[in-house]
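**Student:** got a sequence here, can you build the structure:
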Amino acid sequence: MHPAPSRLFRSWTSAGVVTALPVIAPGCAAPPPSLPPPLASGSGCAVDRDCPPAASPCAQARCLSGRCRQEPKPGGAPLPDEQRGDCKKLVCGPSGQVEAQEDPKDVPVEARACFKTRCEPGGPVSQPTPGATCEKQGVCSRDGECLEVVSIAAQAHHACALMAGGDVLCWGVNRQGQILGDDAEAILGRPARVSFVREATAVAVNETQSCALFADGAVGCWGGRGRSAARRRAGEPSFAPVQGLTGATWIGAAGYQACAIHGERLLACWDDATPRAVPIGRFRRQPKQVSVGPNAVCAALEDGAVQCFAARFPEHRYFPPPMGGVDRLRDVEQVAVGTWHACARHRDGAVSCWGINWNGEIAAGVRLSIEGAAPYPPTRVSGVAGAEAIFAGARHSCVLRDGGQLVCWGFPYPGMNSASAQPVQGFESVRSAALGVDFLCAILQDGRAVCAGDESGRPMSGEGAGAHAILF
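**Tutor:** Here you go, the predicted model:
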């Protein structure tokens with residue numbers, strides 16, 4: 001029982017009825033309010049809220065002349081949409097029925113970084129966004145995959161890219177299994193994932209094979225001639241580990257050889273027929289950077305000097321390897337070895353090149369070499385001050401300037417032949433580059449990978465000789 005109220009409060013209603021309401025004494029809880037039950041449809045009412053809810057979402061309960069009535073809402077009146085992201089909205093039709101209409105603003109949230117969803121007649125449609133940036137320095141592929149290109153290696157007629165996470169993608173001419181690990185002759189204008197390589201830390205390619213370095217110091221290769229080709233024809237695994245290496249820390253390749261540094265500054269190389277490393281020599285000081293050419297291997301040492309070794313498995317023996325005069329080089333930060341020439345980048349950004357000058361790859365103003373001519377000693381290249389990186393191909397040389405402009409001289413690819421250093425159109429924001437025989441590839445600062453040129457008479461990109469194509 002409730003305690004008796006301490007006093008009464010008189011409240012006059014609009015009908016003149018006096019109601020006695022208890023005033024709650026301090027410390028006592030108020031009883032729950034008691035609401036009158038809703039009136040049945042058609043019964044008496046004073047205001048709209050006295051009427052029960054309408055049976056249809058496109059009808060509304062109204063109190064008209066003291067009686068509850070249900071009226072249709074105006075046509076086109078919006079309704080709450082329980083299913084978001086279906087490119088539709090619910091509205092009331094002209095006869096009070098519920099209708100679903102197309103709504104281009106009701107786009108579903110796209111969780112995939114490389115896809116964009118839009119509303120089309122019939123529902124949402126998702127499509128890849130190739131070239132768009134994704135995560136850190138990643139870029140979206142044509143297939144909607146977020147790819148972060150770490151480095152590119154290029155040689156005669158194919159190239160491979162190392163991706164963040166250790167996957168490897170290759171493209172170009174697959175004649176000896178250097179792309180897919182089989183003997184199917186094919187030209188791939190778009191990169192293909194190498195299914196049997198995972199968690200690589202570096203990639204290198206030569207004329208006929210591709211190689212990968214792994215975190216544990218192991219090296220494995222696929223493709224190649226001789227015994228490697230015989231293994232593929234016999235159905236043996238395409239990927240073969242390289243024997244004779246202990247804890248490799250670096251790999252490079254060119255021509256028909258591949259090389260690795262292992263142990264205490266030891267250089268070892270192997271050819272594309274037998275995956276067994278052969279000792280070449282020991283660098284007298286710790287290398288800061290190493291470059292492999294078809295006929296020589298050179299390194300920029302920690303004291304600024306350059307040390308070279310002749311190739312154990314040279315591509316040709318017609319001319320001496322590009323090694324003459326390197327003992328005179330000083331303050332070198334980087335070297336790049338081509339087929340018959342090589343270049344060095346000095347600490348002040350200047351560039352020197354030496355060797356055979358078949359196509360103007362040494363420097364402007366240097367007479368082209370003729371058969372039997374002696375190799376040029378290291379010669380300063382004019383017009384390339386402030387170089388941040390250098391690259392050497394079969395018949396051309398390139399530097400990367402501050403700001404990302406790629407500048408080349410020689411014969412980079414059909415349609416571009418210059419004895420003096422010239423900016424390469426379409427390569428204005430470059431992070432790094434790789435040079436093949438008649439093509440060049442680069443990683444742009446926004447993460448995209450592009451190639452230009454032609455190899456073996458077939459377009460590298462699949463979009464025409466000399467085309468600048470975004471690969472991914």
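
**Student:** I'd like the mean pLDDT over stretch 150-159, please.
**Tutor:** The average of the pLDDT scores along stretch 150-159 is 91.

**Student:** relative to V168, how far out is L444?
**Tutor:** 20 Å (Cβ to Cβ, to the nearest Å). Using the backbone N, CA and C atoms, a C-beta is placed for each residue, glycine as well.

**Student:** with neighbour numbers in mind, choose between the two.
**Tutor:** V168 (24 against 20; other Cβ atoms under 10 Å).

**Student:** name whatever forms a beta bridge with that one.
**Tutor:** Taking DSSP bridges as the rule, V168 bridges to L162.

**Student:** for it, give me its contacts.
**Tutor:** Listed by Cβ atoms under 8 Å, 6 or more residues apart in numbering, the contact partners of V168 are C160, A161, L162, R193, V194, V197, A200, V203, S210, A212.

**Student:** a markdown table for the residues you listed, including secondary structure, distance to D143 and neighbour count?
**Tutor:** Converted to a markdown table, these look like this (DSSP: H, G, I helix; E, B strand; the rest coil; distance: Cβ to Cβ, whole Å; neighbours: other Cβ atoms under 10 Å):
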| residue | secondary structure | distance to D143 | neighbour count |
| --- | --- | --- | --- |
| C160 | strand | 18 | 28 |
| A161 | strand | 15 | 24 |
| L162 | strand | 19 | 23 |
| R193 | strand | 10 | 12 |
| V194 | coil | 16 | 22 |
| V197 | coil | 19 | 23 |
| A200 | strand | 21 | 23 |
| V203 | strand | 21 | 26 |
| S210 | strand | 22 | 30 |
| A212 | strand | 22 | 25 |
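
**Student:** pick the one among these closest to G220.
**Tutor:** A212 (5.8 Å; Cβ to Cβ).

**Student:** distance of the residue nearest to that closest one when sequence neighbours are not counted relative to V150?
**Tutor:** Leaving aside its chain neighbours, A212 sits nearest to A200 (4.0 Å; criterion: Cβ to Cβ, 6 or more residues apart in numbering). Distance, A200 to V150, using Cβ to Cβ: 10 Å.

**Student:** joint contacts of these two?
**Tutor:** L162.

**Student:** now do stretch 104-114, average pLDDT.
**Tutor:** 89.

**Student:** roughly how far is it from the heart of the chain?
**Tutor:** How far stretch 104-114 lies from its chain's middle: 22 Å, per Cα atoms, centre = their mean, to the nearest Å.

**Student:** about what we covered before: what's near enough to touch the residue nearest to A212?
**Tutor:** L162, G166, D167, V168, A212, L213, F214.

**Student:** the first one against S151, yeah?
**Tutor:** It refers to L162. Yes - L162 is within contact range of S151, at 4.9 Å (criterion: Cβ atoms under 8 Å).

**Student:** give me the common contacts of those two.
**Tutor:** Taking Cβ under 8 Å, 6+ apart as the contact rule, L162 and S151 both touch A202, V203.

**Student:** from one end of stretch 177-189 to the other, what's the distance?
**Tutor:** From its first residue to its last, stretch 177-189 covers 16 Å (Cα to Cα, to the nearest Å).

**Student:** buried stuff in it?
**Tutor:** G177, Q178, I179, L180, G181, I187, L188 (16 or more other Cβ atoms under 10 Å).

**Student:** Provide the backbone phi and psi angles at the third one.
**Tutor:** Note on I179: backbone dihedrals following degrees, to the nearest 10 are phi -110, psi -60.

**Student:** so what's it up against?
**Tutor:** I179 touches H158, C160, C170, W171, G172, V173, A186, L188, A192, V194, S210, G223, counting by Cβ under 8 Å, 6+ apart.

**Student:** just the CA trace of the host helix or strand of the third one, in PDB.
**Tutor:** Here C170 is covered by strand 168-174, with elements defined by DSSP states H and E. Extracted as PDB, the C-alpha positions of strand 168-174 are listed here (Å, rounded to 0.1, in the frame of the first residue of the first chain):
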ATOM      1  CA  VAL A 168      58.000 -11.800 -58.800                       C
ATOM      2  CA  LEU A 169      56.300 -10.800 -62.000                       C
ATOM      3  CA  CYS A 170      57.900 -11.100 -65.400                       C
ATOM      4  CA  TRP A 171      57.100 -10.100 -69.000                       C
ATOM      5  CA  GLY A 172      58.600 -10.000 -72.500                       C
ATOM      6  CA  VAL A 173      59.900 -12.900 -74.600                       C
ATOM      7  CA  ASN A 174      59.700 -16.400 -73.100                       C
END
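
**Student:** quick one: average pLDDT of it?
**Tutor:** Mean predicted confidence for strand 168-174 is 89.

**Student:** repeat that for stretch 255-263.
**Tutor:** Mean predicted confidence for stretch 255-263 is 95.

**Student:** chain center to it: distance?
**Tutor:** 27 Å.

**Student:** over to stretch 307-327?
**Tutor:** For stretch 307-327, the distance to the chain centre is 36 Å (Cα atoms, centre = their mean).

**Student:** endpoints of that stretch, how far apart?
**Tutor:** This stretch, stretch 307-327, spans 7 Å end to end (Cα to Cα).

**Student:** now that stretch: buried residues?
**Tutor:** Buried residues in stretch 307-327, counted by 16+ other Cβ under 10 Å: 307-309, 311-315, 319, 321-326.

**Student:** could you do stretch 148-157 as well?
**Tutor:** Neighbour-count burial for stretch 148-157 [16+ other Cβ under 10 Å]: E148, V149, V150, I152, A153, A154, Q155, A156, H157.

**Student:** and R232, what helix or strand is that in?
**Tutor:** Judged by DSSP H and E, R232 forms part of helix 227-233.

**Student:** how far out from the middle of the chain is the next helix or strand after that helix?
**Tutor:** Next in sequence after helix 227-233, counting helices and strands by DSSP H and E, comes strand 240-241. A distance of 27 Å separates the centroid of the chain from that of strand 240-241, by Cα atoms, centre = their mean.

**Student:** report all helices and strands that strand 240-241 contacts.
**Tutor:** strand 219-223 (3 or more Cβ pairs under 8 Å, 6 or more residues apart in numbering; DSSP states H and E).
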